[in-house]
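Q: Sequence first, then the predicted structure, then my questions.
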Amino acid sequence: MIKEADFWEREKVKCGLCAHGCRIEDGERGICRVRENRGGTLYSLVYGKAASLTPDPIEKKPLYHFHPGTTALSFGTVGCNFRCLYCQNLSLSQGDPDASYLREIPPEDIANMTKRYDGIAWTYNEPTMSYEYSYDVFKLVKGNGGYTVYVTNGYMEKGPLKKIGPYLDAMNIDVKAFSEDFYKKVVGARLEPVLKTCRRGHELGIHIELTYLVVPGYNDGAKEVGEFCSWVHDELDENIVVHFSRFHPHHKMRDLSPTPAEKMREVREIAHEKGLNYVYLGNLPANNDTICHKCGRTVLKRGYFSSGKDELRDGKCPKCGEIIPIVL
């Protein structure tokens, strides 16, 4: 199934979905490989096509301050506008939109499947690659009372984000480093558009959590991590959730070692020193309970991919009454 794409310039056939702004010749595809110029019209090649549909705890996205303890239907297809040297979902990010294993599922069917769960998360590959499909599904899911999530690299342009914003409840945005050099050499993109998406999403009232994969020798320096944390504090909010994730060797970066556990504890300490209140560690055993930033009371116990007993009272700490920024 193909569908005419949203957000493109007809005269030049220039895609306006992401910050790459690809100009696509007739018969060619953009960097994402899933948007194609056919006779002067830009089409999405993955509308209605599913590669993976799996129920997951919302904590696995990871989203720790968004409907904890609930289950989301995780959806993925193929295509990505990044070329991460350590990609762990290569079969999907670089997958063929014409592959026989892709299932064609109308938006109405996806929305009906979602009724069995609490919401839906567009994940596994970059969700904006199937923007038109997600937009249609999200409108239906919201009409049914479910929540909607993007797990994204944040390379979306302003127009698409603004259009889908009323139907998008939460985003986990992957800020892969805090240097343009890293983005250019390791992922084939730029940092600034990602930061703009973080700001815009926050301004639109979308629940935002950030993930920063700590890659040894590449983006784990105290100065860079500190600058990232200061940016979150100053440009977004001190209560924005940050997940520091442990790197594991994959794809073209198999020569590296996993991030040392001590380094992970170090970056969390830097984040706290910079004034961030809610910082969690991923891909390794760690204490990720939610603790009141005012009095230190544990208000939500959490396992590796689950949330346990909730001590909150009307969204407030039971000890000091401080409002805890968790969407319940």
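A: Nice, I can see it. Numbers count the residues shown, from 1 in each chain.
Q: Pretty sure residue 83 is one of the things residue 188 touches, is it not?
A: Yes. If you go by Cβ atoms under 8 Å, residue 188 and residue 83 touch, sitting 4.1 Å apart. C-beta here means a position set from N, CA and C on the backbone, and glycine is covered the same way.
Q: roughly how far apart are the spatially closest residue to residue 302 that is not a sequence neighbour and residue 65?
A: Closest residue to residue 302 apart from its sequence neighbours, by Cβ to Cβ, 6 or more residues apart in numbering: residue 288 at 4.8 Å. Distance of residue 288 to residue 65, given as Cβ to Cβ, to the nearest Å: 11 Å.
Q: Same check on residue 95?
A: 32 Å.
Q: If you average the pLDDT over stretch 217-232, what comes out?
A: Throughout stretch 217-232, pLDDT has a mean value of 98.
Q: I meant to write stretch 141-157 there.
A: The pLDDT scores in stretch 141-157 average 98.
Q: What residues sit buried inside the helix or strand containing residue 198?
A: Assigned by DSSP states H and E, residue 198 belongs to helix 192-203. Within helix 192-203, the residues scored as buried using 16 or more other Cβ atoms under 10 Å are 193, 194, 195, 196, 197, 198, 200, 201, 202.
Q: next one: stretch 85-103
A: 86, 87, 89, 92, 93, 95, 97, 102.
Q: Would you agree the fifth one is in contact with residue 87?
A: Meaning residue 93. Yes. Residue 93 lies in contact with residue 87 (Cβ under 8 Å); the separation is 5.5 Å.
Q: Which neighbours do the two have in common?
A: residue 80 (Cβ atoms under 8 Å, 6 or more residues apart in numbering).
Q: Which elements pack onto the helix holding residue 198?
A: helix 158-164, strand 170-174, strand 207-214 (3 or more Cβ pairs under 8 Å, 6 or more residues apart in numbering; DSSP states H and E).
Q: what do you get if the cut-off is 6 Å, keeping everything else the same?
A: Judged by 3 or more Cβ pairs under 6 Å, 6 or more residues apart in numbering; DSSP states H and E, helix 192-203 has no packing partners among the helices and strands.
Q: neighbouring contacts of that helix?
A: For helix 192-203, the surrounding residues in contact (Cβ atoms under 6 Å, 6 or more residues apart in numbering) are 19, 154, 155, 156, 161, 171, 173, 175, 208, 236.
Q: between those, which is nearest residue 53?
A: residue 171 (20.1 Å; Cβ to Cβ).
Q: Now stretch 54-67 - C-alpha only, PDB.
A: Output of stretch 54-67 as PDB, limited to C-alpha atoms (Å, rounded to 0.1, in the frame of the first residue of the first chain):
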ATOM      1  CA  THR A  54       4.000  -6.500  20.500                       C
ATOM      2  CA  PRO A  55       2.500  -5.500  23.900                       C
ATOM      3  CA  ASP A  56       5.100  -3.900  26.100                       C
ATOM      4  CA  PRO A  57       5.200  -2.300  29.600                       C
ATOM      5  CA  ILE A  58       5.400   1.500  29.000                       C
ATOM      6  CA  GLU A  59       8.600   1.500  31.100                       C
ATOM      7  CA  LYS A  60      10.300  -0.300  28.200                       C
ATOM      8  CA  LYS A  61      10.100   2.700  25.800                       C
ATOM      9  CA  PRO A  62      11.500   4.000  28.300                       C
ATOM     10  CA  LEU A  63       8.800   6.200  29.800                       C
ATOM     11  CA  TYR A  64       9.000   6.300  33.600                       C
ATOM     12  CA  HIS A  65       6.800   9.300  34.400                       C
ATOM     13  CA  PHE A  66       4.000   8.500  31.900                       C
ATOM     14  CA  HIS A  67       1.200   6.200  33.000                       C
END
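Q: What lies in contact with it?
A: 70-74, 117, 121, 151, 170, 172, 207, 209, 241, 243, 280, 282, 305-306, 326-327.
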